[in-house]
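Q: quick check, what structure comes out for this input:
(chains A and B)
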Protein chains: 2
Amino acid sequence: MAGSDAPIVVLDSGLGGLTVVQSIHRALPYEQIVYFGDTARLPYGSKTAKVVTQFVRQIIEYLLPLAPKHVVIACNTASALALPAVRELFPELEITGVVEPGAKAAITAAPGAAPVIGVIATEATVRSRAYVLAIQRHRPSAKVICRATPLLVPIIEEGRTAADPLVRMCLEQYLRPVLDQRPCALVLGCTHYPILRDLISQIVGDQVAVIDSADQSAQDVRLRLGSAGKLRHAEMDLAEMLRPAALPPLELSPHPWLRCYVTDDSPRFATLASRFLGIAVRQPEVVLPDLLYANMNIAAASASPF
Amino acid sequence: MAGSDAPIVVLDSGLGGLTVVQSIHRALPYEQIVYFGDTARLPYGSKTAKVVTQFVRQIIEYLLPLAPKHVVIACNTASALALPAVRELFPELEITGVVEPGAKAAITAAPGAAPVIGVIATEATVRSRAYVLAIQRHRPSAKVICRATPLLVPIIEEGRTAADPLVRMCLEQYLRPVLDQRPCALVLGCTHYPILRDLISQIVGDQVAVIDSADQSAQDVRLRLGSAGKLRHAEMDLAEMLRPAALPPLELSPHPWLRCYVTDDSPRFATLASRFLGIAVRQPEVVLPDLLYANMNIAAASASPF
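A: Residues are numbered from 1 along each chain as shown, chains lettered A, B, ... in the order given. A predicted model of the protein is given here:
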């Protein structure tokens, strides 16, 4: 089994998972993180469980030689569609997602036995009902209003900001029917969305708690590694345990704690990554999709039916 | 070599290429068309030449047993990034794209030795400069203004229409800097965009010819098959040759002339396809990406560098 010096793997369809990397690094600054962004095949949010599970399986298989002590599926769509299947495929690994931590954080923020909770997410996450099931497992009478918001990822990846009137119009269109149901909390059910958190908070108003699963996911990893005795030793320092809530900014590059892989377009990733991570990132290594497949030992025989 | 009864293959990253299928069917109603939409890995517009070429190569390799008499890469991004490479890889096939026909149509519509021509397209198509090169090959003094419009594909795939104020705002934002240069033609450099053609025409005004490469691409296929003696015989009927410009509507399903494949989410394709094709489409057959790779005979050895 992987020891305390093994890395934490964080994987995502593209860039959004870097918001989770940032939270994990803040919570666990001594851990080594290996990030994998499947930029050749993103987005996952419009695709099916079968295909997304295939993609996630290939990535984990490829990174297996690193013997990670923990794997975080830092993509809501992949967590919703593929987590149970990949846990079965890799029983030797500790694998967690971001949906369950997000659901827990929403319940903490939403008082009462039957709170109204809004969720914005990709088409595939909404269709999976993963948030509804995760929230109602803890609060069976919660009313969960899910809304697919497929334009938000491309809007964020285009580099548009909260100052752009199109961004505001888009959010207002998506949020209006959710707000009509008077939720007390709104879950940002995609790891891209925290980039627009301030504008979303402004639109939903003070009465609605805006929940981002990144911080909760990082605490989840911290607890699990802690109880398994796998935290890196420096983490155990008393000074670290007393670290104030207001954290120092992450140091600039080089970042020996972070190693990134993508399946396409390393320069584009490096340019956009700083928006998600808040620090400059060097161009990651590229693992083209055919290498992922080759690694899976797929039998080459008679694939064409003609 | 493929005879006149062999099919025409039309491939695309997803759905947009169906606008080209519609034009080909109108120009050549007796031809069999096999459509392949790479819905598991769409969109191509934000990806690199290396990855897009890999994807297109796999699709053609998979469809080779059909011995197509013509292959149309009905995706501007794939035409811009992959066409020369796949022509080299498959010298036995007649392969054409949509950029060259679109460029020719723009020149026909834009008079003078130094016309100003606008092009809206995906990030990857703009970065490739394929339209600039194709237009200036015919009119070296043409001024070509390219604008990446990455939100248009997700806007169209979400099912938004011209009546939605967000669609108008988005188009106005994208088109304003292009219109400031006073173009006499605007090329819709992505096979999705004709869905918004009427609104685009309204925004750019009567002075700007709006060019959609689908019809021109269909004429290109017709000419090439004609001069190779590979048109299906019924096409040669005198009645057909005298067919009026105002064409009859396509018949409803079943459509024996059309066979579709996708790499993911057959029901979603069937639902959205009718918007692009103007007729109901049955759920296509699914070819998961791992079958495409298996078909490529990739050596399984030592892919992981760890």
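
Q: flag the shaky bits of the stretch 151-300 of chain A, pLDDT-wise.
A: The stretch 151-300 of chain A contains residues with pLDDT under 70 at A:233-254, A:297-300.

Q: which bits of it sit near chain B?
A: Counting by Cβ under 8 Å from any Cβ of the partner chain, the stretch 151-300 of chain A comes close to chain B at A:151, A:154-155, A:157-158, A:165-166, A:169-170, A:173, A:263-265, A:268, A:288-300. To be clear about C-beta, it is placed using only N, CA and C from the backbone, and glycine gets the same treatment.

Q: show me which of those are buried.
A: Among these, those classed as buried by 16 or more other Cβ atoms under 10 Å in any protein chain shown are A:151, A:154-155, A:157-158, A:166, A:170, A:263-265, A:268, A:288-296, A:298.

Q: mind listing the helices for the stretch 1-150 of chain A?
A: In the stretch 1-150 of chain A, the helices defined using DSSP state H, counting those that start in this stretch lie at A:18-27, A:49-63, A:76-89, A:99-109, A:123-128, A:130-138.

Q: can you put these in a markdown table and add distance to A:V9?
A: Below are the helices of the stretch 1-150 of chain A laid out as a markdown table (distance: least, Cβ to Cβ, whole Å):
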| stretch | distance to A:V9 |
| --- | --- |
| helix A:18-27 | 11 |
| helix A:49-63 | 5 |
| helix A:76-89 | 12 |
| helix A:99-109 | 17 |
| helix A:123-128 | 21 |
| helix A:130-138 | 21 |
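
Q: so what are the domain limits for chain A?
A: Here the domain parsing of chain A from automatic domain parsing is A:8-97+A:214-295, A:100-213.

Q: would you turn those into a markdown table with distance to B:A49?
A: Formatted as a markdown table, the domains of chain A follow (distance: least, Cβ to Cβ, whole Å):
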| stretch | distance to B:A49 |
| --- | --- |
| domain A:8-97+A:214-295 | 10 |
| domain A:100-213 | 19 |
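
Q: tell me the confidence at the most centrally placed residue in chain A?
A: Taking Cα atoms, centre = their mean as the criterion, A:A74 is the residue nearest the geometric centre of chain A, at 2.6 Å. A:A74 is assigned a predicted lDDT (pLDDT) of 98.

Q: residues touching it, list them.
A: Residues in contact with A:A74 (Cβ atoms under 8 Å, 6 or more residues apart in numbering or on different chains) are A:10-12, A:16-17, A:19-21, A:98, A:191, A:214, A:217.

Q: any idea which element A:V178 lies in?
A: Using DSSP states H and E, A:V178 sits in helix A:165-179.

Q: okay, that helix in CSV with CA atoms only?
A: What follows is helix A:165-179, C-alpha atoms only, in CSV (Å, rounded to 0.1, in the frame of the first residue of the first chain):
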residue,chain,number,x,y,z
PRO,A,165,-22.8,41.9,-19.4
LEU,A,166,-23.3,38.5,-21.2
VAL,A,167,-22.0,36.7,-18.1
ARG,A,168,-24.5,38.4,-15.9
MET,A,169,-27.4,37.9,-18.3
CYS,A,170,-26.5,34.2,-18.6
LEU,A,171,-26.3,33.7,-14.8
GLU,A,172,-29.6,35.6,-14.2
GLN,A,173,-31.3,33.4,-16.8
TYR,A,174,-30.1,30.2,-15.2
LEU,A,175,-30.7,31.3,-11.6
ARG,A,176,-34.1,33.0,-11.9
PRO,A,177,-36.1,29.7,-11.8
VAL,A,178,-34.0,28.3,-9.0
LEU,A,179,-34.4,31.5,-6.9
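
Q: packing partners of it?
A: Applying 3 or more Cβ pairs under 8 Å, 6 or more residues apart in numbering or on different chains; DSSP states H and E, we find helix A:165-179 packed against strand A:116-121, strand A:143-148, helix A:152-157, helix A:197-204, helix B:165-179.

Q: that helix vs strand A:116-121, what angle?
A: With axes from the mean of the first three to the mean of the last three Cα atoms, to 10 degrees as the basis, helix A:165-179 and strand A:116-121 are set at 140 degrees to each other.

Q: got the CA positions of whichever helix or strand comes after helix A:165-179 in CSV?
A: Downstream of helix A:165-179, the first helix or strand assigned by DSSP H and E is strand A:185-188. Extracted in CSV, the C-alpha atoms of strand A:185-188 (Å, rounded to 0.1, in the frame of the first residue of the first chain):
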residue,chain,number,x,y,z
ALA,A,185,-28.3,27.3,-0.2
LEU,A,186,-26.9,27.0,-3.8
VAL,A,187,-24.3,24.4,-4.6
LEU,A,188,-21.8,25.2,-7.3
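
Q: each with direction, which strands does strand A:185-188 pair with?
A: As defined by DSSP bridges, the strand partners of strand A:185-188 come to strand A:116-121 (parallel), strand A:209-212 (parallel).
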